[in-house]
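Visitor: sequence-free structure coming up:
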């Protein structure tokens, strides 16, 4: 009999421990996958480059003096001594042959190519692709002839007529800027609205039916899935922004309004809690000194609730960065390289969606973006926790 | 005479604070022993050492021996669960499970593997009769235990303990949360129970101790000051502290 | 000046409260159009038909008004409840572990892990689902001779949603478990039962109502999740899909599909889906809350 109970107990215990292990492993699975798929693409370049691949027709800048270059250590590609670049054969995403710039010496004239049509300077960069180089007195170096052949022709000393250079794209600068715009605009709208609402509810409102109704209406917002907010935004905020000539169609302005509504209940609740945690003694003391309730609220209560407000702000930022469904409807899924608040754009999260819902899905780049998002979320969460600890200590003097 | 418990040199500490020291005591079977003393004197702590409920408190440390049936219950081989089957406990505030009256009483036996419905029914009925509750609840055994009054809930807890057919029942101020009528019902009950069970009862009321117990032990500031049969202790206390407490010079 | 400020904060609160009305009104306004207007000659969509039909669109786009969301409703509920079936035990047991079995440090660590899981955006879960679980499901199913659409399946959706539901379930269940009166545990132990027996026969049942609330919250989120599922579900155009290995689609994934036009029936019908989704969530919430009250009867005084 005891043994039966012991066996049963141990079975249940192992199930319990097993469940906890599975939950813990869920976190590691997510981080492991995102890290291994996305880390290799992570680079500073990624954060600042355009998304679109761009083709440039260029020539060399005549004003630059050329010297002989030394082959770099451990170079495995084909190196041009005259121009200081090394090229190698590779395959692009569609498995087509391309010639990739493996290395560019700092003084190589390839750093400052002149665009033929636009009269602008183009910087060839490592990872960039050279499609074709045509020369004065010899046959054009083509991709299908291979990198070695192109290098040989370069070092053959002939004058270069035209270099067709393709920038790889795949950068997320646009999405980063769009995300920053969205965060800024949303906070500008949501913080005042949320904080004022919370101030009214906690400091001035009396317990009437109206107050309770207001509260319950605000609370109901939390139960609505964000995709429904997207629908609402399309039929309310997009026409609204058009009406006020802020935008026509998809825009970050509309996105910010949408995020404001989504964030409102949490923002108001967190703010209310931190206002409520300010001891009444403070309010009474201030009133006793002759200040009225408005002054008391703004000069005494609010400053003491700063910790909670900061927490609410960080939580909001995290939520904005993570939102996808609603923004797909209201800001669109087109990745932009130049971002304007009056136009649609993709935030980092929506960029992941765009990458994953095209054929074939770009899992690597999506994972890199996910890695960035997770890091930011991690930092925000830790900051919030540290803030909570710090202000807890101060409060319990 | 037979002893139910023999306690030798017991010392109990919570971390740095010493709650009990130098406790040497014998507890006799099929009788009621009352543990009295002012608040904080350690009587509840002492009670909980008898069924090793102090094990639940991680900073609690114990030295000395507590013999139950010739075996030191603080020995490594002692099976705590077996011990608690034989040494039951009723708490100060009634704590019935949020289940039906029937399920509350049947809880112990069910966990020990009793499955047969008839057997369970008999066990439950017997226990409820022993705790003088059966008549009041026989028609609503499936009702929630929380629908009973405070006094009834406490008798339910007693029935729950009795269903395990223990030898000893430990009671930690069982009537302090109850009104006088309910208290009296339980005191009458205890008078009946002591014929079959060994009852150790902590009470903050000396009057209760004088009313119902056969033996009394007086604790003060973590030490056992005096113990003897109730009549002697209350009429001819040996120690001055005992006399002072009994005559109400401090409480 | 003070009056101005007071008025300002009051108006803010009013505005905040009005958003729920705006959401409901405008979604209904657009969503009801397909059912009551002529849809540019196509004729109104039958509401009963809409909520019962099992094919998304019977006929070519722009020519037919035979939209059906019936199978989507079935799929949405099916997936949500399957997810609960898997994630509820996982979440509750993890909560039990943290609250009662783990030491202080392990418990704190696990709690942080769960908080982190809660903070991960849903799109990332969708990404992991699509990048990691789809191939795994595809290959595993293949080795058993089962064909899947590249792994897109009900199973994939349930896995992704389980990941997302566990944090909510664990956190709220943990609170409920902690709130169980210690004296109940003491009473059980004093009767000679083991700790594990006490956990499963007293503590968890006593925490029932809190755990139920956690489940209701988790299901609400599962019903409304869009981007994560749509990356792994497969966009089935008919259904319902009860097999774990077939493509599926939910109300939310259908809302995300093919947003090419900005006017017309094909566009407005998404709002209708929105209305249906809200109704489904409301009814589910109501039903589960009723259930919760009945389950809690034993706790009544």
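Guide: Perfect, thanks for sending it. These figures come from a predicted structure and were not determined experimentally.
Visitor: what number of residues lie near residue 110?
Guide: Picked chain A for this. 26 (other Cβ atoms under 10 Å in any protein chain shown). Glycine gets a C-beta too; all of them are placed from N, C-alpha and C.
Visitor: nope, chain C
Guide: Around residue C:110 there are 22 residues (other Cβ under 10 Å).
Visitor: Please list all residues in contact with it.
Guide: A:20, A:23-24, C:94, C:97-98, C:102 (Cβ atoms under 8 Å, 6 or more residues apart in numbering or on different chains).
Visitor: What about those residues, which one has the most neighbours?
Guide: Counting neighbours by other Cβ under 10 Å, the top entry in these is residue C:94, with 32 neighbours.
Visitor: what sits against it?
Guide: Here residue C:94 is in contact with A:19-20, A:22-23, C:110, C:114, C:166, C:170 (Cβ under 8 Å, 6+ apart).
Visitor: between those, which is nearest chain B?
Guide: Among the contacts of residue C:94, residue C:110 lies closest to chain B (Cβ to the nearest Cβ), at 19.4 Å.
Visitor: Looking at the closest one now. What's its pLDDT?
Guide: Turning to residue C:110, the model gives it a pLDDT of 95.
Visitor: one step back: mind giving me TSV with the contacts of residue C:110 and columns for secondary structure and pLDDT?
Guide: As requested, those are exported to TSV (DSSP: H, G, I helix; E, B strand; the rest coil; pLDDT from 0 to 100):
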residue	secondary structure	pLDDT
A:20	helix	95
A:23	helix	95
A:24	helix	95
C:94	helix	96
C:97	helix	96
C:98	helix	96
C:102	coil	91
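Visitor: Which two of those residues have the greatest separation?
Guide: A:23 and C:102 (11.9 Å; Cβ to Cβ).
Visitor: Select from the contacts of residue C:94 every entry located in helices.
Guide: In helices, defined here by DSSP state H, the members of the contacts of residue C:94 are A:19-20, A:22-23, C:110, C:114, C:166, C:170.
Visitor: what comes into contact with stretch B:209-227?
Guide: Stretch B:209-227 has contacts (Cβ under 8 Å, 6+ apart) with B:18-25, B:27-28, B:31-38, B:41-43, B:46, B:187, B:190-191, B:194, B:201, B:203, B:228-230, B:233-234, B:237-239, B:241-242, B:245.
Visitor: So which bits of it are buried?
Guide: Judged by neighbour count (16 or more other Cβ atoms under 10 Å in any protein chain shown), stretch B:209-227 contains these buried residues: B:209-210, B:212-213, B:215-220, B:222-227.
Visitor: who touches residue A:273 in this structure?
Guide: residue A:308.
Visitor: Angles on the backbone of it, please.
Guide: The phi/psi pair for residue A:273 (degrees, to the nearest 10) reads phi -60, psi -40.
Visitor: roughly how far apart are it and residue A:90?
Guide: 56 Å (Cβ to Cβ, to the nearest Å).
Visitor: among the buried residues of stretch B:209-227, which are in strands?
Guide: Using DSSP state E, the subset of these located in strands is B:215-220, B:223-227.
Visitor: show me the contacts for the residue lying closest to residue C:117 once chain neighbours are set aside.
Guide: Distance criterion Cβ to Cβ, 6 or more residues apart in numbering or on different chains; nearest residue to residue C:117, sequence neighbours excluded, is residue C:167 at 4.5 Å. For residue C:167, the contact set (Cβ under 8 Å, 6+ apart) comprises C:114-115, C:117-118.
Visitor: what sits against the spatially most central residue of chain A?
Guide: Nearest to the geometric centre of chain A sits residue A:348, at 3.4 Å (Cα atoms, centre = their mean). Residues in contact with residue A:348 (Cβ under 8 Å, 6+ apart) are A:172, A:175-176, A:179, A:321, A:369, A:372-373.
Visitor: tell me which parts of the stretch 151-300 of chain A are close to chain C?
Guide: Contact residues (Cβ under 8 Å from any Cβ of the partner chain) of the stretch 151-300 of chain A with chain C: A:192-194, A:196-197, A:199-201, A:204-205, A:213-215, A:217-218, A:220-221, A:223-229, A:231-232, A:235-236, A:261, A:264, A:268, A:292-295, A:298.
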